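>>> next come a sequence and a model predicted from it.
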Amino acid sequence: MGGVSLRSPLYESGRLSATNRLRPHALLQEDAKVSARLFNDAGRRRRSMFDCMIAATALRFDSALATANIEDFRRFSSAGLELFEA
């Protein structure tokens, strides 16, 4: 892993929690189902499946998503995704 990914779930309990969150997390079968639902709900935009997978993983951990690209993830707010601008 070559540095901190700004698209990782980093925020926990109202404060930045990088210790436990900087390692990669596997995409589980349930995440894939949530990703597909997010993809369909968001209008099946081309090249957005990876964003859906990232959002689904953050939702599983009940963590806010730290990203420099807020606009690509704002459409997932209705699913409960909390965003944190990095």
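Structure's in. What do you need?
>>> what count of nearby residues applies to H25?
Neighbourhood size, H25 [other C-beta atoms under 10 Å]: 13. For the C-beta atoms, the positions are set from N, CA and C on the backbone; glycine is no exception.
>>> what does the one 3 residues further on give?
Applying other C-beta under 10 Å, we find 12 other residues in the vicinity of L28.
>>> quick one, what contacts it?
Contact analysis of L28 by C-beta atoms under 8 Å, 6 or more residues apart in numbering lists R60.
>>> can you pull the pLDDT of it?
As predicted, L28 sits at a pLDDT of 90.
>>> just to be sure, L81 is in a helix?
No. Assigned with DSSP: H, G, I helix; E, B strand; the rest coil, L81 falls outside any helix and is coil.
>>> for it, phi and psi?
Torsion angles at L81 (phi, psi; degrees, to the nearest 10) stand at phi -80, psi 130.
>>> hmm, it is touching A58, no?
Yes. If you go by C-beta atoms under 8 Å, L81 and A58 touch, sitting 6.1 Å apart.
>>> which neighbours do the two share?
Shared contacts of L81 and A58 (C-beta under 8 Å, 6+ apart): A64, L65.
>>> neighbour-wise, which of the two wins?
More neighbours surround A58 than the other of L81 and A58, with 29 against 20 (other C-beta under 10 Å).
>>> what ranges does this structure have for its helices?
For the chain, applying DSSP state H gives helices covering 18-21, 29-41, 49-60, 70-73.
>>> so which of those helices is the most surrounded?
helix 49-60 (a mean of 21; mean count of other C-beta atoms under 10 Å).
>>> quick check: angle from that one to helix 29-41?
Here helix 49-60 runs at an angle of 120 degrees relative to helix 29-41 (axes from the mean of the first three to the mean of the last three C-alpha atoms, to 10 degrees).
>>> tally of neighbours for A66?
A66, neighbours per other C-beta under 10 Å, totals 21.
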